[in-house]
Every structure is written in C-alpha cells, then in structure tokens.
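> my questions are about this predicted structure, shown below with the sequence.
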Number of protein chains: 2
Amino acid sequence: MASLNEHTVKAFDEELTQLRGLVAQMGGLAEQAVTGAIDALKKHDLQLARDIIAGDQRIDDIESEIERLAIRLIALRAPMADDLREIVAALKIASVLERAGDYAKNIAKRVAIIEDHGTIEPLSVLPAMAAITSDMLRDVLDAFAARDAETAIAVCKRDKTVDDFYNSIFRALVTFMMENPKSITQVAHLLFVAKNLERIGDHATNVAEMVYYAATGEHMDERERGDSPLSN
Amino acid sequence: MASLNEHTVKAFDEELTQLRGLVAQMGGLAEQAVTGAIDALKKHDLQLARDIIAGDQRIDDIESEIERLAIRLIALRAPMADDLREIVAALKIASVLERAGDYAKNIAKRVAIIEDHGTIEPLSVLPAMAAITSDMLRDVLDAFAARDAETAIAVCKRDKTVDDFYNSIFRALVTFMMENPKSITQVAHLLFVAKNLERIGDHATNVAEMVYYAATGEHMDERERGDSPLSN
C-alpha cells in the first residue's frame, strides 16, 4: 500500500508541476503578445501584427490544456484544501491570460488601421503603459510560482499607475481628436488600444489578489489593493 | 449498498439541479443589468445607474457560489463524461456572465458623464443593439438549460447582426464627433458603451458554442458560427 500511495502522490506532484509549467508558458506568450502588439502599432509593422494575431491560437490551446489537466486532477485525485486552491487558481489565471492574449490580438488587429502613427503624438506614451502592464503580468506569474504575497501586493499597487496613464492618454487622445478632426477614426481605435492595456492591468491585479489569497489564505486589504473609483 | 448508491445519486442530482438554478439566476441578473444600464443611459437615470453598479456584487457572489459548488461536485462525486462536461460548461458560463455583468456596470458608470444624451443622435440606436445582446444572453441560457443545439446555432447567427450594429454605430459616433468637436469626450464614452455591447454578443456566442458542444459532443461548424473578420 505504501508504494501505491507513494506512486499516487508522485503522479499527483508531477501533474501539478506540469500544470504550473503550462501556466508559466502561457503567461510568457501573453506577455510577449502584449509588448509585441504595441511594438507593431508603434512601428506600423503589419507582419508582426499578423504574427501576433495568428499566435493567439497557441495561447488558447494552452488554456484548453490547462483546463483538461486541472479538471482531471480535481476529478481523479480529489486534492485537499491547499492543492485544490492552487489548481483552481491555475484555472482562473489561465482564463485571465487568455483574455490578455485576446486584448493583444485586438490591438494587433488595429495596427493596419492606424496609418498616421508617426503624427499622432499621444501614441508615443502607449509603449510605456504597455511595458508596465506586461511587467505586471510577468511579476504576478512569478508571484504565483513562488506563492509570494509581497510581490502580489506590489503588482496591485502598480495598477494605480496604469489607471493614471490611461486617464491621461484618454484626455490626450480626446484633445488630439478635437484638433485633428480628420484623424478621429484612427484615434478612436487608439482609445480602444489604451483601454485594452488598462484592462490587462486590471486582470493582472485580479490575479494578484488570487495569488495573495492562495499564499496567505486571507483576502487582500482594501488599502493594499488601492482601488480606483472611476474607469473612463 | 443499493440505498447508499441511490442516496449518492440523488444528492448528486440535487446538487446538479442547484448548479443549473444558480446559472439561470445569474443569467437573469446579467440580462437585466445590460438592459437596465442602457435604459439608464438613454434616460440619464442616475439612480438606476447606481443600482446597477451596486447590484453587480450579487452577480459576482453567485459566480463564487457556482465555482464552489462545481469544484465540490467534481472533487467529491467524480462525475462521468456527460455530467462533467455540463459542470465545466456551467463554470465557464458563470465566468462569461460575470463579464457581461461587468460590462453592464461599466456602461452604468458612464451614465453620469453622458449629459447631452438627448442631442447625441447615434445614442438612439444603442437600445436596439442592447435588446439583441440581452436576448442572446437569455436564449443561450435557455439553450443550456434545455441542451438545445438548434437555439445555440440561432444565437451564434445573431452575433452577425450585433457586429453590423456595432460597426454602423462606430461610424455614426465618429461622424458625430467630427461635426461636434465639443462633445468628443462624451461621445468617446459612448464608443466604449457600444464596444461593451458588442463584446457581450461575442461572449453569448462563445457560450452558444459551448452549449452546442455539451449537447452534441461536436464542435460547431464555421459556417454556423458566421465569424466576422474585423472588430473595430
């Protein structure tokens, strides 16, 4: 019996490790998609945009794989509290990463439309905003891997910066529209790009809250979250 | 042993029925939130907007309840293929409904900002678009409850109409901005409202594909989905 148990425990640990590896892999792809999409936008690089659009399928496929593995683990191994919490967190993180990939794809789809990228001044601020949100994604995945509550809190705090960026870009784009009525269509698309980045920041924050809960068994403090009341 | 088995089967069925009931309840609330938010926008009804913002918590709470129950069912009852597929579908549908509720809350938050609702002509088209998307939500939940593949296909086909609506509203709003530069900020918010409705339609379509799969064991045909290539 002991060896059977050991075997079962070992198989479970291996599958859990596999699950963590898939989440890390998916996270890396989502992070790259976000920075790549903004890069494509800035340089009007249509080929890179197409690559990102095509690459989203891989992100979706890994999500399906994570779902299958997680459900299998829950159904066949009936894991106890701690492990179950981690498996459920992996499932939710995968769903968030899928959304982040979706937002990146959505940004990439707009690259072809934004032809006057060189003249639309507020566009120059988007790469900095994208860098923060993709850093948030990377850090929150590191926090998940290391069950690190402190890093999770740090990610949440950075969401305030992303929101500030978004609000200032929103205003800058609206002002630009007023001054350049002919470019309104293109700039309207940029509003969505900025919004997508802001949403990725929100989702990274949600994941950080889950990671905090999985690591500590407690919900994150309101003050540590630093909620912002209005979203444009 | 037979009575023990019977007891277990009965308890499982009861919990599955409870799960279905929670999904239906959550769907009803999400549907109401969507139509309510657009109603508030059209009438500039700040109280209704506040109610919808506050009511989103209830939708989130039901999602958590569904998650707990679904994970419990999977872990304790180790359900077989068909039931497992339904439980996983319930989990994913709950996550989509949470997003729909979020979009409705997001629309409600913009109500206070859109003060010139009477003069922004394209706004008059939004209620019709909202009606289609909330119908899609209702129908896809009915399809889930009845495991009805035909209704699921019908929901997917309607997404084309929502996309057409969206594209035409996008153009109308951009034109309105060009002609009324002073209202650009307000109209920019309406762009997001239209986008949120379009996303709700997308999500209803995703659920319809899941329902189709749960009902038939096969993936929906490309033609039946009627995908649209570009999203604005």
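Yes, it's here.
> surely A:Ile74 is in contact with B:Ile71?
Yes. Counting by C-beta atoms under 8 Å, A:Ile74 touches B:Ile71, with 6.6 Å between them. Where C-beta positions appear, they are placed from N, C-alpha and C, glycine not excepted.
> whichever strand or helix holds A:Glu209 versus helix B:184-216: what angle between them?
In the assignment (DSSP states H and E), A:Glu209 maps to helix A:184-216. Angle of helix A:184-216 versus helix B:184-216, following axes from the mean of the first three to the mean of the last three C-alpha atoms, to 10 degrees, is 60 degrees.
> returning to that earlier point: what is in contact with A:Ile74 and B:Ile71 at once?
Both A:Ile74 and B:Ile71 are in contact with A:Leu84, where contact means C-beta atoms under 8 Å, 6 or more residues apart in numbering or on different chains.
> before we move on, back to that, check which residues of the helix holding A:Glu209 are buried.
For helix A:184-216, a neighbour-count test (16 or more other C-beta atoms under 10 Å in any protein chain shown) marks A:184-215 as buried.
> indicate whether that helix makes contact with chain B.
Yes. Using C-beta under 8 Å from any C-beta of the partner chain, helix A:184-216 reaches chain B at A:184-185, A:188-189, A:191-192, A:195.
> which of those sits closest to A:Asp56?
Ranked by distance to A:Asp56 (C-beta to C-beta), those are led by A:Phe192 at 16.7 Å.
> surely the closest one touches A:Arg110?
Yes. A:Phe192 lies in contact with A:Arg110 (C-beta under 8 Å); the separation is 6.9 Å.
> which ones are touching the nearest residue to A:Arg99 once chain neighbours are set aside?
Of all residues beyond its chain neighbours, the one nearest A:Arg99 is A:His203 (5.9 Å), with distances taken as C-beta to C-beta, 6 or more residues apart in numbering or on different chains. Taking C-beta under 8 Å, 6+ apart as the contact definition, A:His203 lies against A:96, A:99-100.
> just the buried ones from those residues?
A:96, A:99-100.
> of these, which belong to helices?
A:96, A:99-100 (DSSP state H).
> make CSV out of those residues and add pLDDT.
CSV is the format used below for these (pLDDT from 0 to 100):
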residue, pLDDT
A:Val96, 91
A:Arg99, 92
A:Ala100, 94
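> what's the closest of these to chain B?
A:Arg99 (8.6 Å; C-beta to the nearest C-beta).
> and chain A, which of its residues are near chain B?
Checking chain A against chain B by C-beta under 8 Å from any C-beta, the hits are A:67, A:71, A:74-76, A:78-79, A:84, A:88, A:95, A:106, A:109, A:170, A:173-174, A:177-178, A:181, A:184-185, A:188-189, A:191-192, A:195, A:230-232.
> SS state for A:Thr119?
coil (DSSP: H, G, I helix; E, B strand; the rest coil).
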